[in-house]
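In: quick one, fold the following:
(2 chains)
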2 protein chains.
Amino acid sequence: MRNIRLTVSYDGTSYSGFQTQPHGKTVQDHLERAIWMLSGETVKITSSGRTDAGVHARAQVINFTTASQIPAERWCLALNSRLPKDIVALCADEVPLSFHSRRSAKRKTYTYTIRIARMPDVFNRRYQYHHHSPLNVEAMRDALAAIIGQHDFSSFCSIRTVTESRIRTIYDAWIDEEPDLMSGGAEGTGQLKFYFCGNGFLYNMVRILVGTLIQVGEGKRSADDMAAILRGRNRALAGPTAVAQGLMLWNVEYAD
Amino acid sequence: MRNIRLTVSYDGTSYSGFQTQPHGKTVQDHLERAIWMLSGETVKITSSGRTDAGVHARAQVINFTTASQIPAERWCLALNSRLPKDIVALCADEVPLSFHSRRSAKRKTYTYTIRIARMPDVFNRRYQYHHHSPLNVEAMRDALAAIIGQHDFSSFCSIRTVTESRIRTIYDAWIDEEPDLMSGGAEGTGQLKFYFCGNGFLYNMVRILVGTLIQVGEGKRSADDMAAILRGRNRALAGPTAVAQGLMLWNVEYAD
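Out: All right, here's what the predicted structure looks like:
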């Protein structure tokens, strides 16, 4: 048997999330079907982590074992011709049988994109949250600094989280400001891209962090609140869960 | 009566083009329906020019006359709540009754986007032409220089063109090279954005220019061919019509 690692990009708009579920159209189902069409094998793929309904992935990593002799470099083009256009296999390699896309992952990075402009951008409407009015980016940067490091993120995970430990390490988190080409660079318009790089993320964690940061940016909360919310370890202290469409699994890093 | 000018952005993917036609779902139909829902008037809108099926607009300009007293600044938000999500009114103002979005236009700019990478970009798949292998950008720039100025563009328009004069002026045309964030900046990958700014464009003109430039970039034609094709005034001399999805009406400029 061989262990194949695939890096996969997908537009999550039309899917009920990554992971197979009883009544849903999922990315995993399409990938497993494409592998079956190609190799004739019924495989169960493993991913670096599921993404929710409507969430996107620039570079999700999956792996699966196969008896097929298809060379690693042929998998991508062959799978892409059997996948819908909103799922693309970007690269493939053969890895040791011990490799596990979730357990072997060292760092994961998520991005969240907010467009600030009076009107939405039709071309990126599926991949960003549209905020009509300006946000205080400096206050959001101050708030973001409080989450870097190892913390108990109980305040920033869904109450439906079943994981025992809510301790995670955020290695880095920052905001990139980009001018908004579509609105011709009008004052107060632009795109904010939040990056969150950590050893793992709890259920809805990035979306609740962003929902809270938006309140800071709107002046509804002070940047200092962030540390107090963390210490409180209570979901009710944090802000709302930001919409799924702005979230993207950016990349997953491994020891190799 | 008042004359209202609207700047409109649309994702052309789901439409049979801008202009109303017997059996099509068009952008014009949706705009006229939204205006009717808002003001109760059956208006016929005028545009700066139609765009074909699948072609996008960042800033198409339209105008229509109305007896409604709705202030100009209220039109956009009111129309957007009555338009599908892939059509957005960006701004509105009241203009003299003599203003005509096509006849008053001084300059129009179209862009055409080519992604060069082994795999397609799922997030921009609707807005770009995907080319698997590198293109010689310098040769394409040399070829592009030949079309600047006033020329008879008969070689670069559809044989279905009914316009009498095929003489148009290209004020400027250039190629912007942008790194491809999605493929992590791998060598030989990137995005090429072609800009064409002129006093008007014939049917399929930009797409045939791009189709010919791609052949130059692939080394199938020399950059010098461009001038000879122009002189020949024969559609058969030029390259194929590039796919619609890479084309976007970028902006329209008026004397004011």
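In: surely residue A:135 meets residue A:117?
Out: No - the pair residue A:135 / residue A:117 is not scored as a contact, 11.6 Å apart, by CB atoms under 8 Å. C-betas here are computed from N, CA, C, even on glycine.
In: show residues contacting the helix-or-strand element of chain A with minimal mean pLDDT.
Out: Least confident element among the helices and strands of chain A, by mean pLDDT, DSSP states H and E: helix A:72-80 (a mean of 94). Helix A:72-80 is contacted from outside by A:4, A:6, A:31, A:34-35, A:38, A:70, A:88-94, B:119, using CB atoms under 8 Å, 6 or more residues apart in numbering or on different chains.
In: for PyMOL, write a command that selects the buried ones of the residues you listed.
Out: Here is the PyMOL command that picks out the buried ones among these, judged by 16 or more other CB atoms under 10 Å in any protein chain shown:
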select buried, (chain A and resi 4+6+31+34+35+38+88+89+90+91+92+94) or (chain B and resi 119)
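In: between the contacts of helix A:72-80, which is nearest residue A:172?
Out: Comparing those against residue A:172 with CB to CB places residue A:90 closest, at 23.7 Å.
In: hmm, residue B:117 and the closest one touching each other?
Out: No - Residue A:90 lies out of contact with residue B:117 (CB under 8 Å); the separation is 9.3 Å.
In: tell me the domain ranges of chain A?
Out: Using automatic domain parsing, the domain parsing of chain A gives A:2-95, A:106-254.
In: now the ones you listed as TSV including distance to residue B:58?
Out: Converted to TSV, the domains of chain A look like this (distance: least, CB to CB, whole Å):
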stretch	distance to residue B:58
domain A:2-95	21
domain A:106-254	6
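In: residue contacts, the closest residue to residue A:204 other than its chain neighbours?
Out: Nearest non-adjacent residue to residue A:204, counting by CB to CB, 6 or more residues apart in numbering or on different chains: residue A:158, 4.1 Å away. Residue A:158 makes contact with A:202, A:203, A:204, A:208, A:235, A:241, according to CB under 8 Å, 6+ apart.
In: what about the residue nearest to the fifth one when sequence neighbours are not counted, how many neighbours?
Out: So that's residue A:235. Among residues not flanking residue A:235 along the chain, residue A:159 sits closest, at 5.3 Å (CB to CB, 6+ apart). Residue A:159 sits with 10 neighbouring residues when counted by other CB atoms under 10 Å in any protein chain shown.
In: distance check, residue A:159 against residue B:159.
Out: For residue A:159, the distance to residue B:159 (CB to CB, to the nearest Å) stands at 65 Å.
In: what does residue A:3 give?
Out: Distance, residue A:3 to residue B:159, using CB to CB: 56 Å.
In: next: residue A:44.
Out: For residue A:44, the distance to residue B:159 - CB to CB - is 55 Å.
In: same thing with residue A:234?
Out: The gap separating residue A:234 from residue B:159 is 70 Å, by CB to CB.
In: and chain A, which of its residues are near chain B?
Out: Counting by CB under 8 Å from any CB of the partner chain, chain A comes close to chain B at A:9-11, A:56, A:58, A:76, A:80, A:85-90, A:119-123, A:125, A:127, A:182-183.
In: next SSE after the helix or strand residue A:215 falls within?
Out: Element membership of residue A:215, judged by DSSP states H and E, is helix A:205-217. Toward the C-terminal end, the helix or strand that comes next after helix A:205-217 (DSSP H and E) is helix A:225-232.
In: any chance you could list what contacts that next one?
Out: With contact meaning CB under 8 Å, 6+ apart, helix A:225-232 is reached by A:143-144, A:146-147, A:151-153, A:155-156, A:212, A:216, A:237-238.
In: just stretch A:212-223 next, same as before
Out: With contacts defined as CB under 8 Å, 6+ apart, stretch A:212-223 is touched by A:114, A:131, A:133, A:135-137, A:139-140, A:142-144, A:146, A:156, A:194, A:225-226, A:229, A:238-239, A:242.
In: and these, which are buried?
Out: Buried subset of those (neighbour count, 16+ other CB under 10 Å): A:114, A:131, A:135, A:139-140, A:143-144, A:146, A:156, A:194, A:225-226, A:229, A:238-239, A:242.
In: now, those residues that are in strands?
Out: Among the buried ones among the contacts of stretch A:212-223, the members falling in strands (DSSP state E) are A:114, A:131, A:194.
In: any idea how far residue A:253 is from the last one?
Out: According to CB to CB, residue A:194 and residue A:253 sit 18 Å apart.
In: before we move on, what about the first one?
Out: With the distance defined as CB to CB, residue A:114 ends up 25 Å from residue A:253.
In: also the second one?
Out: When distance is defined by CB to CB, residue A:131 is 30 Å away from residue A:253.
In: cool, and residue A:136?
Out: 32 Å.
In: and what of residue A:216?
Out: Residue A:216 is 29 Å from residue A:253, by CB to CB.
In: same thing with residue A:72?
Out: 20 Å.
In: returning to what we had before: let me have the contacts of residue A:158 in a markdown table, extended by distance to residue B:101.
Out: Listed next are these as a markdown table, based on distance: CB to CB, whole Å:
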| residue | distance to residue B:101 |
| --- | --- |
| A:202 | 52 |
| A:203 | 50 |
| A:204 | 46 |
| A:208 | 46 |
| A:235 | 52 |
| A:241 | 43 |
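In: which pair in these spans the largest distance?
Out: A:202 and A:241 (12.0 Å).
In: next, count neighbours for the closest residue to chain B within the stretch 101-250 of chain A.
Out: Taking CB to the nearest CB as the measure, the stretch 101-250 of chain A has residue A:122 as its residue closest to chain B, at 4.7 Å. Neighbour count for residue A:122, taken as other CB under 10 Å: 22.
In: surely it touches residue B:84?
Out: No - when contacts are counted by CB under 8 Å, residue A:122 is not listed as touching residue B:84 (9.8 Å).
In: where do the strands sit along chain A?
Out: Along chain A, counting by DSSP E, strands occupy A:2-10, A:46-47, A:56-66, A:87-95, A:105-116, A:129-131, A:149-152, A:167-178, A:190-198, A:247-254.
In: which pLDDT value belongs to residue A:210?
Out: Note on residue A:210: pLDDT of 98.
In: report the beta-bridge partners for residue A:10.
Out: residue A:57, residue A:87 (DSSP bridges).
In: okay but it is in contact with residue A:27, surely?
Out: Yes - contact criterion CB under 8 Å: residue A:10 and residue A:27 qualify, at 5.3 Å.
In: quick one: which of those two has more around it?
Out: Taking other CB under 10 Å, residue A:10 and residue A:27 do not tie; residue A:27 has more neighbours (30 against 27).
In: who's in contact with the more buried one?
Out: Taking CB under 8 Å, 6+ apart, one finds A:8, A:10, A:12, A:15, A:17, A:18, A:51, A:57, A:60, A:87 in contact with residue A:27.
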